[in-house]
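1. With the sequence up front, the predicted model follows.
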Amino acid sequence: MIGLARRLARPEILALAPFDLGNRAPDPDAIKLDANESPFGPLSGGSVAAGVNRYPEPQPQRLRGAMASLYGVAPEQFLITRGGDDAIDLLCRTFLRGAEDKVAVTTPSFSAYAHFAQLQGATVVEIPLNPNFDLDADPVVATVEGDPSFKLLFLCTPNNPTGNAVDPAIILRIVDALPDVMIIADEAYLEFSDSTSLVAEAIARPNLLVLKTLSKAFALAGARVGGLVGPTETLEIVARALPPYPLPTLSIAAALEALQPARRAVHRERIAQLLSERDRVAPLIARSPHVRRVFPSAGNFLFLETSDTEALAARLSAEGIRVRYRPNAAPGGIRLTIGTREENDAALAAFGVSVGQTASRRAEIARDTKETRIALALDLDREAPRRIDTGIPYYDHMLDQVAAHGGFSLILACEGDLEIDPHHTIEDVAIALGQGLKAALGDKRGIGRFGFALPMDETEAQVLIDLSGRPFAKFDGSFEASHIGDYPTEMTPHVFRSLADSLGAAIHVRVAGENDHHKVEACFKAFGRALRQALAIEGRVDSLPSTKGML
Ligand SMILES: *Cc1c(COP(=O)(O)O)cnc(C)c1O
């Protein structure tokens, strides 16, 4: 039996011989005289541009592996494309001949489906969503069923521009009812929603593909990296419509960097942050005199029905705020992307909703060296979440103490050369944490001098901090045990020195006691407590007793 993709594909595609690219497998030792490339590396561009004199791999193996594992499928069940848009175009070029072929799209939805289908000369059939923009299976099935000229059906979940997620069960009902049509579930915004991905269904069914992109949740819109998940047989046919080297070397490098395991936690935290911003903005923007309705959203944007839209548009434009106007989707329809807190507050103000100054004190640090790859996100005005993974459990526990007692949210992951020794990891993480604290404090640094003394059974620890901008570290104490778990106790003074250097602070630590476990822990706890005061109190420096004598 011939597979569905083969039955639906244009005969020209099936007859096409693949590009003859020779052996594209990467081999650093090969003398490459096969592709008329320049033997000279780029004159500028730094390390990101390394290797751009060579053609990239057609389906870059490492990136394909990384994306396939991100989506939970095998590499041959994932096809990398130049963004999700390109995947839509490829599908249209693979399956649509001309006016005799039909594509079904729901409306309102993403305009690229109809655009690329029309470019191919195909007939686009629109199926309206219900008034709440929910997708009902019945009208879709009724329109498409029994008409063999339907080749493709695009379903977007969560839907752009309206934001609503579609229950996967509804999509599967349609997939089951229409076995002769290639159905594409566009999951460009799935990372922002609670919905389950359909990838596991797609690799098991001949008539379902899932579209993915790194543009939205992974902050790589400019790199143009996306792809399709589906059965290998279908992807091999679609791949015939690809140009020989679809992905630029620089984009491959950017995507690989973004997908490093150490950065996953920060990406998750960013998504959580955008969702909490979305949920903060939604009820506020509903108060705008221009806003008639805010639709529930499962994406990183809100869809609004507005009134007096021209006046609103003039105001938004005067304030330099760009939104997407979607009057065909709803009267005065506006799609508003969720930005940073500051950006959202500016948008709210332009909509006529004033919110107090709520400057965020949040920072992200990505720090890669030969020995360690670190990503962290911290927010001084939120106490949660805290997730720390350095590969050294005791150090994780100590840093968790700092954040918990410091009263700030900390997501931190490090992939370090622990097989050599924990030294680099411990020191580099301390540097990154100091950098993050400094960045989050912004120009508020230099405000405070604080101290905290903490008894812990027989142990007493005292930490003094001056966020002076001038690094200085002093550690008064010693340890008998060489290690606590995998953590070498001798690293403790180094940690506070690294923090002092990168935070730009004077940090004095004094610890005395008998139990090394208590002593190390007391240092970190007291540091967190001193930090809590330094981070929280602002503009009350005068009211503090001078610590000059102690310093
Ligand atoms: C953004 C988007 C895409 C794909 O974006 P690319 O940047 O081309 O990867 C696909 N579908 C929808 C609905 C989108 O909004």
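-> Ah, there it is.
2. Could you use CA atoms for every contact and neighbour count after this?
-> Fine.
3. Residue 44 - how many residues pack around it?
-> Residues within reach of residue 44, counting by other Cα atoms under 10 Å, total 9.
4. And for residue 280?
-> 13.
5. what about it, helix or strand, and which?
-> helix 261-285 (DSSP states H and E).
6. elements contacting the helix or strand that that helix is followed by?
-> Going down the chain from helix 261-285, the next helix or strand is strand 291-295, by DSSP H and E. Secondary-structure packing of strand 291-295 (3 or more Cα pairs under 8 Å, 6 or more residues apart in numbering; DSSP states H and E): helix 261-285, strand 301-306.
7. can we see that at 10 Å?
-> helix 261-285, strand 301-306, strand 333-337 (3 or more Cα pairs under 10 Å, 6 or more residues apart in numbering; DSSP states H and E).
8. tell me which residues of the longest one are tucked away?
-> Residues of helix 261-285 classed as buried by neighbour count (16 or more other Cα atoms under 10 Å): 261-267, 269-271, 273-275, 277-278, 281-282, 284-285.
9. Tell me where the stretch 1-150 of the chain is predicted with low confidence.
-> Within the stretch 1-150 of the chain, the stretches with pLDDT under 70 are 1, 23-24, 45.
10. Check the gap between residue 207 and residue 132 for me.
-> 28 Å (Cα to Cα, to the nearest Å).
11. which is the next helix or strand following the one helix or strand residue 502 maps to?
-> For residue 502, the host element (DSSP H and E) is helix 491-503. Heading C-terminal from helix 491-503, the first helix or strand you meet, by DSSP H and E, is strand 506-512.
12. Please pull up the helix or strand immediately following that following strand.
-> From strand 506-512 onward toward the C-terminus, using DSSP H and E, the following helix or strand is helix 516-536.
13. packing partners for that next one?
-> Helices and strands touching helix 516-536, by 3+ Cα pairs under 10 Å, 6+ apart, are helix 393-406, helix 423-441, strand 449-456, strand 459-466, strand 483-484, helix 491-503, strand 506-512.
14. what about that helix, average pLDDT?
-> When pLDDT is averaged over helix 516-536, the result is 90.
15. Could you tell me the angle between that helix and helix 423-441?
-> Between the axes of helix 516-536 and helix 423-441, defined by axes from the mean of the first three to the mean of the last three Cα atoms, to 10 degrees, the angle is 20 degrees.
16. Can you give me the buried ones in helix 516-536?
-> By neighbour count on 16+ other Cα under 10 Å, the buried set for helix 516-536 is 516-535.
17. what's the angle between it and helix 393-406?
-> With the same axes, to 10 degrees defining the directions, helix 516-536 sits at 40 degrees from helix 393-406.
18. can I get the CA coordinates of helix 516-536 in CSV?
-> Below are the C-alpha coordinates for helix 516-536, written out as CSV (Å, rounded to 0.1, in the frame of the first residue of the first chain):
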residue,chain,number,x,y,z
ASP,A,516,32.1,22.3,59.4
HIS,A,517,28.7,21.4,57.9
HIS,A,518,27.1,24.0,60.2
LYS,A,519,29.9,26.5,59.6
VAL,A,520,29.6,26.5,55.8
GLU,A,521,25.9,26.6,55.9
ALA,A,522,25.8,29.4,58.4
CYS,A,523,28.1,31.5,56.1
PHE,A,524,25.7,31.1,53.2
LYS,A,525,22.6,31.7,55.3
ALA,A,526,24.0,34.8,56.9
PHE,A,527,25.1,36.0,53.5
GLY,A,528,21.5,35.5,52.2
ARG,A,529,20.1,37.4,55.2
ALA,A,530,22.5,40.3,54.8
LEU,A,531,21.7,40.4,51.1
ARG,A,532,18.0,40.4,51.8
GLN,A,533,18.4,43.7,53.7
ALA,A,534,20.7,45.1,51.1
LEU,A,535,18.3,44.3,48.3
ALA,A,536,15.1,45.3,49.9
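19. what packs against whichever helix or strand residue 411 is part of?
-> For residue 411, the element it lies in under DSSP H and E is strand 409-416. Here strand 409-416 touches helix 261-285, strand 362-368, strand 372-379, strand 386-389, helix 393-406, helix 423-441, going by 3+ Cα pairs under 10 Å, 6+ apart.
20. possible to save the helices and strands packed on strand 291-295 as a markdown table with mean pLDDT?
-> Below are the helices and strands packed on strand 291-295 laid out as a markdown table (pLDDT from 0 to 100):
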| stretch | mean pLDDT |
| --- | --- |
| helix 261-285 | 96 |
| strand 301-306 | 98 |
| strand 333-337 | 98 |
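21. Out of those, which is closest to residue 321?
-> Residue 321 lies closest to strand 333-337 among the helices and strands packed on strand 291-295, at 9.9 Å (Cα to Cα).
22. next SSE after that closest one?
-> Beyond strand 333-337 on the C-terminal side, the first helix or strand identified by DSSP H and E is helix 341-350.
23. any idea of the angle that next one forms with helix 261-285?
-> Angle of helix 341-350 versus helix 261-285, following the same axes, to 10 degrees, is 20 degrees.
24. Name the surrounding residues that touch helix 341-350.
-> Residues from elsewhere that reach helix 341-350 (Cα atoms under 10 Å, 6 or more residues apart in numbering): 273-274, 276-278, 280-282, 284-288, 312-323, 336-340, 351-360.
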